[in-house]
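K.L.:
Task: produce atomic coordinates for the following.
(3 chains)
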Amino acid sequence: MALGLCLYGMSLFHQQTQTTDRPHLFTEGLPPAAQKVLAGPFAGAAADFNLLAVFSIYDVIRTQSRDHNALWHKLHARLTAAQQLDPWFWDVYRLTTGLMAFHERGTSAAVELLSKGANARTWDWEMPFMAGFLAHDFLHDDKRASELMSEAIKRPNAPPLAVGLASQFLQASEGSESSIRFLFYLRASLPAEYRDVINARIARLQLAKKRETQP
Amino acid sequence: MNKALALAAFSLREILSAPAYRALIASTLFIAAGAMAISNLFLLENIKVQLDLLWLGMSLLTTFYVLVIAGSLLAQDFTQGIASLFLPHMSRSTYLRARVFGIIAGLLLLLAVMTLVATATLAWGLNYTPTAQAHGVSWWAPLMLSGMTLLQSLTILSIVIFTCSWASGLVEMMLFSGVFTGLAFLLPSVMQTMTSTEVMAEVPDWTAALIHAVDYLFPDMTGARIALAIAHGLPLPPAELTWFLIAQMGYIMLLAAAGFLLFSRRDL
Amino acid sequence: MTNICCSNLSKSYQGIQSLVATSLCLKQGSVTGLLGPNGAGKSTLIKCILGLVQADSGSVDIPAHVRIGYLPELAQLPPSVTAWQTIRLALQLSNKFSDKTAPSLLLDRVRLAEKHWHKPLRSFSKGMRQRVALAYAIAGDPQWLILDEPMSGLDVMGRKQFLEILLELNKQGIGMLVCSHIVTDLVRLCERVLLIHQGSIVDEINITEHSMSEAEALESRLMQTAEYSHE
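P.N.:
Model (predicted):
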């Protein structure tokens, strides 16, 4: 079983060159429940292998200039599987935020994943805060955003910055300035190769802000 | 020298001089190198990934050791008449006890090497990881994972003893041991999925009762959540840990006792 | 006295009768052969005497102080250890390991060349393994040796040497029960041969001259028995 898991993981690791023409099970992986059953005692390693697949898929997205919708779908499937296998795994949520959250159709799924993360990582203020930020700024679901941000600032290690930002986000007038500040904070915590999507979002917000201030 | 001790020492010598065992000892270094290389690809929880892979590696090595090296040792003893060399000198239970002690000594040695290698890997990882990202990860993590692996291996060993005590041929012994081991580690997660609220709502009452009965009979022997908690440096859930230890020890003793009993009556 | 006796031993495997109410008595220092075709019940009888197989009925009477050495069929030995280590274990198990020369003396006694003593057993030929197994069997200084097909698969030279060693051991007072389907070996070694067929002892032949003509006579008796039962 463990050997099978290893071989399965290795097969994932060698997929960076694969295109969307390949059968879905190879790039999308087995359904999370099936992965959980097969992983047995090695749920952590199975989650790691799913993230390796995320890296591979993202690499293909970055290097190939064609319709990436199917690949984004697979990336989401991998992140979901990793989250279910190891709900405490910080990297899953960081990649969710860095890669999916600012993608057109990924925000809702990202909020979902981060909310699950917030439930699992009960000591961590960032998960609910991030989910709240996305719900507010992208989904314009202020009710949910308020719930999530309130949860975030209740957590014992939430810094004053988070408390301040949370209250500002919930005041619509302060939205874009606070968003840019938060995105800069987020960008700093990601390696250079995963900053493209956030950079694009910051640029868009800054442009919008400039237009607003110009007569 | 005590006869049982002499046979146990001989069994250990037999295991240590087997080329497969030496290959296992050498592979500990490959596992450590693999863990270091792969964990470097991750963003934040590199240490967690390292510990995940070390735990996977430890389990793979010890599972191979118990199923292949120990399994074939016992299977050859029972099917090829090697046991009959020792039995004129001691009772069947003393013979089997001595053989099992020798096997466990080999297992402990393998785990000791793996723990040392894993601790060195962890030290290397912690040296390159910011403190915030390794928060909670203890120096004891490799030792705790070794403890988990030891328990896991003893469960597999008890499965091997039980299977070899009644199966008739070498292939049959190895095959059944492998299948039962696979089941022991897959069944808990299958049961976890089957006892989920969604499944329970869909099935008739009697099926639900049956599923629950099987779930009680086969408690979670995988310790997946405990291994995850160790890798993340989280406090171990005391109730879960206690239940895991009790269930695992119970199964080990039950299977080994059944194996010894069946062996005392089997034809050699 | 160190006689070994068994009476009315019966054993069946999955409904097939392997031994049918078999009785025999082995006198101290004697060499008895068990002759029969494959599947006649020779090995089962030996294993019942040794307690490796539990008889369905009947009894085995071996005085408590009697030491028995056993050479199993095909003499499988742990493959990764050396001959010397194996014999040392045999001596330790018999409480006869006095010093490091003791295993060497035994290996010398079965004529295994010194250059092989510290090599792993997996590198040994069948004949060499057989000799190590014999050294193992006699390590406990037994009064009896029970040998299951001791010379099957050995070449002519190997068989001759092995036979010589067994005769030498018998001269030293060790009684033997030898099971084989090679008639000539039994005639050279044994004082009497028990013909076993379909789980029962059907005939008892005393060997007096250990000659070729006796071997031929024994072989024809064996053939007659087999044909008779076949009809």
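K.L.:
Off-centre distance for the helix or strand encompassing B:His212?
P.N.:
For B:His212, the host element (DSSP states H and E) is helix B:205-217. The chain centroid and the centroid of helix B:205-217 are separated by 27 Å under Cα atoms, centre = their mean, to the nearest Å.
K.L.:
Before we move on, what's the pLDDT of C:Thr82?
P.N.:
With respect to pLDDT, C:Thr82 scores 93.
K.L.:
How about the contacts made by the closest residue to it other than its chain neighbours?
P.N.:
Nearest residue to C:Thr82, sequence neighbours excluded (Cβ to Cβ, 6 or more residues apart in numbering or on different chains): C:His118, at 5.0 Å. The way it works is simple: take the backbone N, C-alpha and C, and place the C-beta from them, glycine included. C:His118 makes contact with C:82-84, according to Cβ atoms under 8 Å, 6 or more residues apart in numbering or on different chains.
K.L.:
ok, how many other residues are close to the residue nearest to B:Ser264 when sequence neighbours are not counted?
P.N.:
In this structure, B:Ser264 finds its nearest non-sequential neighbour in B:Arg92, 5.0 Å apart by Cβ to Cβ, 6+ apart. Neighbourhood size, B:Arg92 [other Cβ atoms under 10 Å in any protein chain shown]: 18.
K.L.:
Can you verify my assumption that B:Arg92 contacts B:Leu262?
P.N.:
No. B:Arg92 is not in contact with B:Leu262 according to Cβ atoms under 8 Å; the separation is 10.6 Å.
K.L.:
what residues are up against whichever residue of chain C sits closest to chain A?
P.N.:
Relative to chain A, the nearest point of chain C is C:Ser80 (24.0 Å; Cβ to the nearest Cβ). Neighbour list for C:Ser80: B:14-15, B:17-19, C:120-122 [criterion: Cβ under 8 Å, 6+ apart].
K.L.:
Also A:Leu161?
P.N.:
If you count contacts by Cβ under 8 Å, 6+ apart, A:Leu161 has them with A:Tyr185.
K.L.:
Now do the helix or strand where it lies, average pLDDT.
P.N.:
Assigned by DSSP H and E, A:Leu161 belongs to helix A:160-169. The average pLDDT for helix A:160-169 rounds to 69.
K.L.:
So which elements touch the helix or strand following that helix?
P.N.:
Counting by DSSP H and E, the next helix or strand C-terminal to helix A:160-169 is helix A:175-188. Applying 3 or more Cβ pairs under 8 Å, 6 or more residues apart in numbering or on different chains; DSSP states H and E, one finds that helix A:175-188 makes contact with helix A:126-137, helix A:160-169, helix A:196-213.
K.L.:
Okay, buried residues for the lengthiest helix in chain A please.
P.N.:
Under DSSP state H, the helix in chain A containing the largest number of residues is helix A:43-63. Using 16 or more other Cβ atoms under 10 Å in any protein chain shown as the burial criterion, the residues of helix A:43-63 that qualify are A:43-58, A:60-61.
K.L.:
Pull the contacting residues for the closest residue to C:Gly140 other than its chain neighbours.
P.N.:
Of all residues not flanking C:Gly140 in the chain, C:Ser94 sits nearest, at 3.3 Å (Cβ to Cβ, 6+ apart). With contacts defined as Cβ under 8 Å, 6+ apart, C:Ser94 is in contact with B:89, C:67, C:139-141.
K.L.:
repeat for B:Leu53
P.N.:
A:45, A:48, B:31, B:34-35, B:38-39.
K.L.:
so it is in which element?
P.N.:
Under the criterion of DSSP H and E, B:Leu53 resides in helix B:46-64.
K.L.:
mind listing the helices for the stretch 101-250 of chain B?
P.N.:
With helices called from DSSP state H, counting those that start in this stretch, the stretch 101-250 of chain B shows them at B:141-166, B:170-194, B:197-202, B:205-217, B:224-232, B:238-265.
K.L.:
quick one, domains of chain A?
P.N.:
Per the record, chain A has its domains at A:1-86, A:90-215, by automatic domain parsing.
K.L.:
if you average pLDDT over the shortest one, what comes out?
P.N.:
Over the span of domain A:1-86, the pLDDT mean works out to 74.
K.L.:
Who are the contact partners of the most centrally placed residue in chain C?
P.N.:
For chain C, the residue sitting closest to the mean C-alpha position, by Cα atoms, centre = their mean, is C:Leu147 at 0.8 Å. Listed by Cβ under 8 Å, 6+ apart, the contact partners of C:Leu147 are C:70-71, C:137, C:166, C:176-179.
K.L.:
and the stretch 151-268 of chain B, which residues reach chain C?
P.N.:
B:265, B:267-268 (Cβ under 8 Å from any Cβ of the partner chain).
K.L.:
rerun at 10 Å
P.N.:
Neighbours of chain C within the stretch 151-268 of chain B, by Cβ under 10 Å from any Cβ of the partner chain: B:264-268.
K.L.:
Okay, angle between whichever strand or helix holds A:Lys143 and helix A:126-137 too, please.
P.N.:
Using DSSP H and E, A:Lys143 maps to helix A:142-154. Interaxial angle of helix A:142-154 relative to helix A:126-137 (axes from the mean of the first three to the mean of the last three Cα atoms, to 10 degrees): 150 degrees.
K.L.:
any idea how far A:Gly30 is from A:Leu186?
P.N.:
Quick fix: residue A:30 is Leu, not Gly. 31 Å (Cβ to Cβ, to the nearest Å).
K.L.:
the more surrounded of those two?
P.N.:
Applying other Cβ under 10 Å to A:Leu30 and A:Leu186 shows that A:Leu186 carries more neighbours, namely 21 against 16.
K.L.:
Tell me how many other residues surround A:Trp123.
P.N.:
A:Trp123, neighbours per other Cβ under 10 Å, totals 12.
K.L.:
Near chain C, which residues of chain A? Just list them.
P.N.:
Contacts of chain A with chain C, taken as Cβ under 10 Å from any Cβ, are absent.
K.L.:
all strands of chain C, in order?
P.N.:
Secondary structure of chain C by DSSP state E: the strands cover C:4-13, C:16-26, C:31-35, C:57-61, C:68-71, C:144-148, C:175-180, C:192-197, C:200-206.
K.L.:
same question for stretch B:82-98, mean pLDDT?
P.N.:
Averaged across stretch B:82-98, pLDDT comes to 89.
K.L.:
hang on, the earlier thing: which of the contacts of C:Leu147 lies closest to C:Leu26?
P.N.:
Distance to C:Leu26 across the contacts of C:Leu147 (Cβ to Cβ) is lowest for C:Leu177, with 5.8 Å.
K.L.:
Tell me which residues touch the closest one, please.
P.N.:
If you count contacts by Cβ atoms under 10 Å, 6 or more residues apart in numbering or on different chains, C:Leu177 has them with C:4, C:24, C:26, C:30-34, C:42, C:45-46, C:49, C:68, C:70, C:144-148, C:190, C:194.
K.L.:
sorry, back to before: and the helices and strands packed on helix A:175-188, which one is worst for confidence?
P.N.:
Among the helices and strands packed on helix A:175-188, helix A:160-169 carries the lowest mean pLDDT (a mean of 69).
K.L.:
you'd agree C:Ala133 is up against C:Val110?
P.N.:
Yes. C:Ala133 is in contact with C:Val110 according to Cβ atoms under 10 Å; the separation is 9.0 Å.
K.L.:
show me what contacts the nearest residue to B:Ala231 once chain neighbours are set aside?
P.N.:
Excluding the flanking residues, the one nearest B:Ala231 by Cβ to Cβ, 6+ apart is B:Leu51, at 4.0 Å. Contacts for B:Leu51 (Cβ under 10 Å, 6+ apart) come out as A:44-45, B:35, B:39, B:45, B:118, B:121-122, B:125, B:137, B:141-142, B:144-145, B:227-228, B:230-233.
K.L.:
Go again with 8 Å.
P.N.:
A:44, B:122, B:137, B:141-142, B:145, B:230-231.
K.L.:
just the domains of chain A: most buried one?
P.N.:
domain A:1-86 (a mean of 19; mean count of other Cβ atoms under 10 Å in any protein chain shown).
K.L.:
that older thread, quick one: which of C:Ala133 and C:Val110 has more around it?
P.N.:
Ranked by neighbour count (other Cβ under 10 Å), C:Ala133 and C:Val110 place C:Ala133 first, with 26 against 23.
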